[in-house]
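Asker: Got a sequence here, can you model it:
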Amino acid sequence: MPLSSPPRDAAGAVIPHDHPEILAEDRIIRRISPHWVVNDVKAPGGRRLSTAAFEPSSVENGGGLSVDLEEEIIKAEVDVVTHVTSPRWIASVRLKAGDLRNIQLKVGFSPIAPSAEEAGNPYHGEAWGTISRGQRKNLLRTSEWLVPVPGCSLSPD
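Answerer: All right, here's what the predicted structure looks like:
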């Protein structure tokens, strides 16, 4: 069964919320841009993922961290890896909704409707709240690769 509709304001924008149907153990996917892969001689393979990968990405939509909801993709019988990978998003990591809630973020459903410019994303979510640099490092440590960048470490140190 799909998630219930998210709360919306009078203009139709999703209101930051903690969606009760997204469980603590549900997997959350963060797509990775090549801009977030940095050279680091101390990292295994000489490259690591920057903490910038966990900076909120959609300030115009309430300042959330843009994510995909893996359980919803699976329920729709869509291939997860194909859905989250594109030339713009070369890799992805995943963690649990509970990991985000443990740092006081709200994890909600925020589907993106198709438009003339984009296909939309019915499995899109957001994690709303403030994320410190230390918390971004911890999120990197907690994450695991879904689609890895070859030779790139998730260790922020």
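Asker: ok so His83 is a helix residue?
Answerer: Yes: counting by DSSP: H, G, I helix; E, B strand; the rest coil, His83 is located in a helix.
Asker: so what's it up against?
Answerer: 68, 73, 123 (Cβ atoms under 8 Å, 6 or more residues apart in numbering). Where C-beta positions appear, they are placed from N, C-alpha and C, glycine not excepted.
Asker: Ok, Ser115 next?
Answerer: So Ser115 contacts nothing (Cβ under 8 Å, 6+ apart).
Asker: separation between it and Asn121?
Answerer: 11 Å (Cβ to Cβ, to the nearest Å).
Asker: Ala11 too?
Answerer: From Ala11 to Asn121 the distance is 20 Å (Cβ to Cβ).
Asker: Looking at these two, which one has more neighbours?
Answerer: Asn121 (18 against 5; other Cβ atoms under 10 Å).
Asker: Isn't the more buried one up against Asp68?
Answerer: Yes: assessed by Cβ atoms under 8 Å, Asn121 is found in contact with Asp68 at 7.1 Å.
Asker: Most neighbours out of the contacts of His83, which is it?
Answerer: Tyr123 (25 neighbours).
Asker: for that one, phi and psi?
Answerer: For Tyr123, the backbone dihedrals are phi -110, psi 20 (criterion: degrees, to the nearest 10).
Asker: what's the pLDDT at it?
Answerer: With respect to pLDDT, Tyr123 scores 96.
Asker: Quick check: which ranges of the protein have low pLDDT?
Answerer: 1, 58-62, 156-157 (pLDDT under 70).
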